[in-house]
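Trainee: Below are the sequence and a predicted model for it; my questions follow.
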Number of protein chains: 2
Amino acid sequence: MKELNQSQFALLGLLSIAPMSGYDLKQLSEWSVGHFWRESYGQIYPSLRKLEELGLVKHSTETKPGRPDRHVYRLTRAGEGELEHWLELPPVNEVPRNELLLKLFFGGLIGPEACIEHLSKHLLKLHEDLAAYEATQKRIEKESGKHPQRRYWSLTLSYGEHITKAQIAWCEKSMRELKRQGTENRE
Amino acid sequence: MKELNQSQFALLGLLSIAPMSGYDLKQLSEWSVGHFWRESYGQIYPSLRKLEELGLVKHSTETKPGRPDRHVYRLTRAGEGELEHWLELPPVNEVPRNELLLKLFFGGLIGPEACIEHLSKHLLKLHEDLAAYEATQKRIEKESGKHPQRRYWSLTLSYGEHITKAQIAWCEKSMRELKRQGTENRE
DNA sequence: CGTAGCATGTAAGTTGTTACATGATTCG
DNA sequence: CGAATCATGTAACAACTTACATGCTACG
């Protein structure tokens, strides 16, 4: 009676939106929860099997000529129950590793210029992320104008926007400081 | 000629601050980089061995009566070189998983009250984090008033402060919205 | 005609956590 | 006297990524 892991609950959650194949799960997850949750096929397909063994999902096969078979999974009652139970449990958040910060922490060894270089690349990425959040917001409004959960989806996008803006501010401030330091030290 | 992994570079980095034992590395890392990087003993001890095999660190043993032996590791020239080379490479940042956001994304299944509960717990944690950053800032000033890298250390703390404050703002806003929604729906 | 998309899946390897084992000393 | 701190380490497991394998269709 092994417990499910986070990945498996994530899949149950996505299946609560609509019945889907493994391929669909990957696609949907990428634009919907992709900014804070990623799954690879190497996790998805074996997990779907296991969930089915446990009776939490079941699949039906759709056949179309000239197309690979689609295995469409849907939640069972038991699956819904498990999911809801898990959703109520307080979320456990570990400290995410951040390689940029780690490199900056040891920045003295490579000097301010190299650090500024890392930061400016990061800054570009952040602006792209911001643009992506806006695009996703629009996509949610279009593709699910009526879906009762769209308010919750916006909540998680709003998170992305908040912390991305905060990172932009931090990046710009840090780059200014490093530049100042660089010129001061030449005296 | 297997490449080193992130953990091993992190250890090299910490050893660049001062020669240390595995135990010391764990202690130091917790308060210095602990808000964005964690290592367990299960990684530290085997990694130190491997780094020594590769000639990137070497250890000497300190013996004190009535105390366990300390294996103090220090960087070799080769180790410094490897570290610096890695620091120059552009950092790779994967999307960190966030269980809180995942649960909120599916919040429709448990309702606004349960989501507010999750958020308020998170909010408490965020305030603790903020307090911890201030304490660390002071500790840095005290314990390393002269260390040339302390500006870089402050940079990473500043990151923590920025995104923690942004998260606090997001939490409060989200809680307000969920409360509004909860009362509106009763009509 | 090559590339991207559709669609499934596996195998090998890497990485990481957790719990365990040991044992002395110091502090309350 | 019990708990925390100092200090090392291993074994078992869990989780995750990547590359590979297959093969058809639609598009430019």
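Mentor: That came through fine.

Trainee: list the helices and strands the helix ranked longest in chain A packs on?
Mentor: Secondary structure of chain A per DSSP state H: the longest helix is helix A:150-184. Counting contacts by 3 or more C-beta pairs under 8 Å, 6 or more residues apart in numbering or on different chains; DSSP states H and E, helix A:150-184 packs against helix A:111-143, helix B:99-105, helix B:150-184. Where C-beta positions appear, they are placed from N, C-alpha and C, glycine not excepted.

Trainee: buried stuff in it?
Mentor: Buried residues in helix A:150-184, counted by 16 or more other C-beta atoms under 10 Å in any protein chain shown: A:150, A:152-168, A:170-171, A:174-175, A:177-178.

Trainee: how big is the angle separating that helix from helix B:150-184?
Mentor: Put simply, helix A:150-184 runs at 160 degrees to helix B:150-184, going by axes from the mean of the first three to the mean of the last three C-alpha atoms, to 10 degrees.

Trainee: Which one of the residues in chain A is closest to DNA strand D?
Mentor: In chain A, no residue comes nearer to DNA strand D than A:Gly42, which is 2.5 Å away by C-beta to the nearest atom of the strand.

Trainee: That residue: neighbour count?
Mentor: A:Gly42: 8 surrounding residues under other C-beta atoms under 10 Å in any protein chain shown.

Trainee: and it, that one's in a helix?
Mentor: Yes: assessed by DSSP: H, G, I helix; E, B strand; the rest coil, A:Gly42 belongs to a helix.

Trainee: if we can go back for a sec, what does the average pLDDT come to for the longest helix of chain A?
Mentor: Mean pLDDT, helix A:150-184: 93.

Trainee: Stretch A:53-73 now?
Mentor: Mean predicted lDDT for stretch A:53-73 stands at 91.

Trainee: for stretch A:130-147, same thing?
Mentor: Here the average pLDDT along stretch A:130-147 is 84.

Trainee: excluding its backbone neighbours, what's nearest A:Gly55?
Mentor: Leaving aside its chain neighbours, A:Gly55 sits nearest to A:Ala78 (5.3 Å; criterion: C-beta to C-beta, 6 or more residues apart in numbering or on different chains).

Trainee: give me the element that neighbour is part of.
Mentor: Taking DSSP states H and E as the definition, A:Ala78 sits inside helix A:77-88.

Trainee: What spatial separation is found between the residue of chain A closest to DNA strand D and A:Gln149?
Mentor: For A:Gly42, the distance to A:Gln149 equals 28 Å [C-beta to C-beta, to the nearest Å].

Trainee: Run through the residues of chain A sitting next to DNA strand C.
Mentor: Neighbours of DNA strand C within chain A, by C-beta under 7 Å from any atom of the strand: A:21-24, A:27, A:41-42, A:45-46, A:48-49, A:64, A:67-72, A:97.

Trainee: Please produce a PyMOL select command covering the buried subset of the residues you listed.
Mentor: Buried residues within the residues of chain A next to DNA strand C, by 16+ other C-beta under 10 Å, are selected in PyMOL with:
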select buried, chain A and resi 21+22+24+48+70+71+72+97
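
Trainee: Let me know the secondary structure of the residue nearest to A:Asn98 when sequence neighbours are not counted.
Mentor: Spatial nearest neighbour of A:Asn98, excluding adjacent residues (C-beta to C-beta, 6+ apart): B:Phe36 at 4.1 Å. At B:Phe36, secondary structure determined by three-state DSSP is coil.

Trainee: what's the distance between B:Phe36 and B:Trp153?
Mentor: Taking C-beta to C-beta, one finds B:Phe36 at 12 Å from B:Trp153.

Trainee: How about A:Leu12?
Mentor: For A:Leu12 relative to B:Trp153 (C-beta to C-beta), the value is 42 Å.

Trainee: Equivalent analysis for A:Ile168, please.
Mentor: Distance, A:Ile168 to B:Trp153, by C-beta to C-beta: 22 Å.

Trainee: And A:Ile163, by the same measure?
Mentor: Remark: distance between A:Ile163 and B:Trp153 (C-beta to C-beta) = 21 Å.

Trainee: ok, now which ones touch A:Ser47?
Mentor: Neighbouring residues of A:Ser47 by C-beta atoms under 8 Å, 6 or more residues apart in numbering or on different chains: A:Ser7, A:Gln8, A:Leu11.

Trainee: Not counting its neighbours along the chain, what's nearest it?
Mentor: Spatial nearest neighbour of A:Ser47, excluding adjacent residues (C-beta to C-beta, 6+ apart): A:Gln8 at 5.0 Å.

Trainee: Run through the residues that contact the one you found.
Mentor: A:Ser47, A:Lys50, A:Leu51.

Trainee: Give me the number of neighbouring residues for the residue nearest to A:Gly55.
Mentor: Neighbourhood size, A:Ala78 [other C-beta under 10 Å]: 12.

Trainee: Could you measure from it over to DNA strand C?
Mentor: Distance of A:Ala78 to DNA strand C, computed by C-beta to the nearest atom of the strand, to the nearest Å: 20 Å.

Trainee: I'd say A:His59 and A:Asp69 touch.
Mentor: No: under the criterion of C-beta atoms under 8 Å, A:His59 makes no contact with A:Asp69, lying 10.5 Å away.
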